[in-house]
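Asker: Pasted the sequence and its predicted model underneath.
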Amino acid sequence: MEIEAKYAISDPSVFDTLLELRAVGSYRLRPTGERQVIDHYLDTAERDLLKAGYACRLRESEADRQWRLTVKGLGKAEGARHEREELECEVPPHSTPSDWPECQAREVVLRASEGRPLAELFALRQLRATRAVEQGERGVGELSLDTVDSEIAGHESHARELEVELAGAGTEDDLRAIDDQLRQYDLEPQASSKFERALAQLDGEKRARKPRKKKKSVGVTADEPMAEAGRKILRFHFERMVDNEEGTRKGEDIEALHDMRVATRRQRAALRIVSPHFKKKAVKPIRDELRTLADRLGAVRDLDVLIEAAERHRSSRRPDAAAALDPLLEEWRARRDEARHALLRHLDSGAYRDFIKRYDEFLSSPGAGVKGSPGETPNPQLVRHALPAEVWDHYARVRAYETVMSWASLETIHALRIEAKRLRYLLEFFQEVLGSGLSGTIEALVKIQDHIGELHDADVTIGLLRDFLVRSAQVSASPAVGEEVGRYLKLTEARLRTLQRTLKRPWKRVAGPRLRTTLARAVARL
C-alpha cells in the first residue's frame, strides 16, 4: 500500500522556500537529487482500467535505461492523506503489455483490459526534487517537490505540489507530525492525484468542445420545492460560468471574465435564498468555493474596469499629457497581470477541478442534500409558499435605507447596492412564476445598481490615485506625471460628488409606491 500526503502550492515563493528546507520539526530532509520525468498514462479506448479502479502509468526518465510501470488503485483521500494499492516493475522503453515481464502490475492490466490495446490518454512532465525524510537513524519516507507541466487537449497548465510518502519505518504518526509542521506554509491539502486532475481536465475539455445549446429560461414552477427550484437556478448559472471559463483563460475578450463573474455572483445569490432548504454540509463547501472563485475573478475584473476608465481619460488628453499617465497605467496593468496569474493558478488547481466535478454531481442529483420534514407540522417548502416572504424580505432590506439616505456614507450606499442587486436577482430567478410585469421593476433596480456601481468605482479610483501620488517614485522624478495624475484625481472626485448628489433620482423609483404595487401583483399570482 502507498500511503502519502499531498499538498498544492500556489505561491512560487513558498515553493522556493520549501526547496531550501533541510528540516521539518524533528525530521531531517536530506537532498537525494533532482530529475526530469515524463509520466505516460495509458488506458483502452473504453477506459477499461479506469472502470476497474486503476490508473496505469509508464514513467520515462533520462537517468534510467528502463521505464517504470506503475499500476495504482484509485483510493479515496481524506484531506491531504492518500492510501492506495501500488504495483510496480521495470519494462523496456516504448513497450506494450506483450513485451512487459511477468509481474503483478502486468497481470492487473491484462485482466482489466482483456487484451484490448492501450493508448496514451495524456502525458505529464515533472521536475522532481526529492528529500529523504529521516529522524535519527530511522528512515521515515520521501518528500518530493514537483513542478508539473501538461498540455491536454491544447490547454497548457502548470502546477506545483509537495508529496510526503511513507517508507521503511515511517508511520501514520510521522505523517501527522509532518503535516502539523507544514501547516505554517499555508499549503492546500490536495484531495486528488495528478492522474485524477488531468483526467478531469481532459474530460472537461472534451465536454467544452461539444456545442451546448443555452437554455433561455430556468424552468422553475410554483408547485415544486424551493430546494429543487434552487437546484435548477444554480444549474442554469453554473453552465454559464463553465461556458465562459475557456474565454476567461484566453483573456482575449474581457467580457468572458465579466460574464463568468456575473454567473458566479448569481449562484452565490441563489444559494443565499435556497440554503435554508438544504443541509448545511451539502451547500457550505459550494458556497465557500464560489466565494473563492468570485474573489479571484473580481480582483481581475475590478482592475479591468479601472484600466479601461483610465485609458478613456488618457485618450482625451493631448499626446504629451497622455504620456504622463503611462506610469500609472503600467502599475495598474502589472497588478492586473498578477491578479490574472493568481486566477489562472486557481482555475488550474486540482481543488477547483474537484469542486466543479462535485458541484456538477450535486446539481445533477435531485433530492441530494435536501432537508427532511421535521414533523407533522408542514413548513413552507414549495415555491408558491416560500417565495412571497422572500420577495418582501428582500424589498424590506432595500427600502430600509430610506431612513439613512440623506446622510449615508459611501460604505452604506455600497451596501444598498448589494441589497438592490440581491432583490433584482431574486426577481429574475423566479420571473417565470412571478409573471412578465416585472420588467419595469428590474429596470429600476438595474438603474440604481449601475449608479452606485459607478460611484463605488470612482471611490476606489480616488483611493488608488492618492496612493500613487504619495508613494510612486515616478511622481518625484517627473512633475508632469504628478500633474496629470492629480488632474485625473480631481475629475474623478468631481464625478463622485455628482453621483452622490443625483442618487435620489434612481432611488425614488425603487422606494416609490408603483414598484411596491408591481411586487404585490406579482406575489398575488402565487
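Answerer: Cool, got the structure.
Asker: residues contacting Glu161?
Answerer: For Glu161, the contact set (C-beta atoms under 8 Å, 6 or more residues apart in numbering) comprises Lys6, Tyr7, Ala8, Ile9, Leu145, Asp146, Val148, Gln190, Lys194. In this view, the C-beta of every residue, glycine as well, is placed from N, C-alpha and C.
Asker: Report pLDDT for the closest residue to Arg291 other than its chain neighbours.
Answerer: Distances taken as C-beta to C-beta, 6 or more residues apart in numbering place Arg268 nearest to Arg291, at 6.8 Å, with adjacent residues excluded. Looking at Arg268, its pLDDT is 96.
Asker: Show me what the one helix or strand Arg268 maps to is packed against.
Answerer: Per DSSP states H and E: Arg268 is located in helix 254-274. Using 3 or more C-beta pairs under 8 Å, 6 or more residues apart in numbering; DSSP states H and E, the elements in contact with helix 254-274 are helix 226-243, helix 245-250, helix 280-315, helix 410-429.
Asker: which one of the ones you listed has the lowest average pLDDT?
Answerer: Note on those: lowest mean pLDDT is at helix 245-250, with a mean of 88.
Asker: got a list of contacts for it?
Answerer: Applying C-beta under 8 Å, 6+ apart, the contact partners of helix 245-250 are His155, Ala208, Asp253, Glu255, Ala256, Leu257, Asp259, Met260, Leu297, Leu343, Leu344, Leu347.
Asker: neighbours around the last one, how many?
Answerer: Okay, so that is Leu347. Counted by other C-beta atoms under 10 Å, the residues lying close to Leu347 total 18.
Asker: Could you pull up the residues touching it?
Answerer: Glu245, Thr248, Arg249.
Asker: Relative to Trp332, which of the residues you listed is nearest.
Answerer: Set against Trp332, the nearest of the contacts of Leu347 by C-beta to C-beta is Thr248 (19.4 Å).
Asker: Leaving out sequence neighbours, find the closest residue to that closest one.
Answerer: Take Thr248 and drop its neighbours on the chain: the residue closest to it by C-beta to C-beta, 6+ apart is Leu257, 4.6 Å away.
Asker: same deal with Leu344?
Answerer: Residue nearest to Leu344 in three dimensions, not counting chain neighbours: Arg249, with 6.6 Å by C-beta to C-beta, 6+ apart.
Asker: burial count for the one you found?
Answerer: Residues within reach of Arg249, counting by other C-beta under 10 Å, total 19.
Asker: separation between it and Arg340?
Answerer: Separation of Arg249 from Arg340 (C-beta to C-beta, to the nearest Å): 10 Å.
Asker: Quick check: which ranges of this structure have low pLDDT?
Answerer: Low-confidence segments of the chain (pLDDT under 70): 75, 154, 205-214, 374-375.
Asker: which residue ranges form the strands in it?
Answerer: Here the chain has its strands, by DSSP state E, at 2-8, 23-24, 27-43, 54-61, 67-73, 77-78, 81-84, 86-91, 119-135, 138-152, 155-166, 188-189.
Asker: same for the second one, what does it pack against?
Answerer: I take that to be strand 23-24. Helices and strands touching strand 23-24, by 3+ C-beta pairs under 8 Å, 6+ apart, are helix 172-182.
Asker: Contacts only, for Cys56.
Answerer: Counted by C-beta under 8 Å, 6+ apart, Cys56 has contacts Tyr41, Leu42, Asp43, Leu49, Leu69, Thr70, Val71, Val109, Leu118.
Asker: for the last one, what are its contacts?
Answerer: Applying C-beta under 8 Å, 6+ apart, one finds that Leu118 lies in contact with Leu42, Asp43, Thr44, Cys56, Thr96, Pro97, Val109.
Asker: hey, what's the first one bridged with?
Answerer: This means Leu42. With DSSP bridges applied, Leu42 shows beta-bridge pairing to Cys56, Glu120.
Asker: Burial check on it, number of neighbours?
Answerer: Leu42 has 20 neighbouring residues, counting by other C-beta under 10 Å.
Asker: rewinding a little: Leu202: which of the helices and strands packed on helix 254-274 is closest?
Answerer: Closest of these to Leu202 is helix 245-250, at 14.3 Å (criterion: C-beta to C-beta).
Asker: was I right about Arg399 contacting Ala511?
Answerer: Yes - using C-beta atoms under 8 Å, Arg399 is in contact with Ala511, at 5.8 Å.
Asker: How about the residue most central in space within the chain, nearest residue that isn't a chain neighbour?
Answerer: Residue closest to the mean C-alpha point of the chain, counted by C-alpha atoms, centre = their mean, is Leu293 at 3.4 Å. With C-beta to C-beta, 6+ apart as the criterion, Leu293 has its nearest non-adjacent residue at 5.5 Å, and that residue is Thr264.
Asker: Surely the one you found is in contact with Asp295?
Answerer: No - the criterion here is C-beta under 8 Å, and Thr264 misses it with Asp295 at 9.8 Å.
Asker: quick one, which of those two is more surrounded?
Answerer: Neighbour totals were compared for Thr264 and Asp295, and Thr264 leads with 25 against 13 (other C-beta under 10 Å).
Asker: need the contact list for the more buried one.
Answerer: With C-beta under 8 Å, 6+ apart, Thr264 has these contacts: His237, Met241, Leu290, Leu293, Ala294, Leu297.
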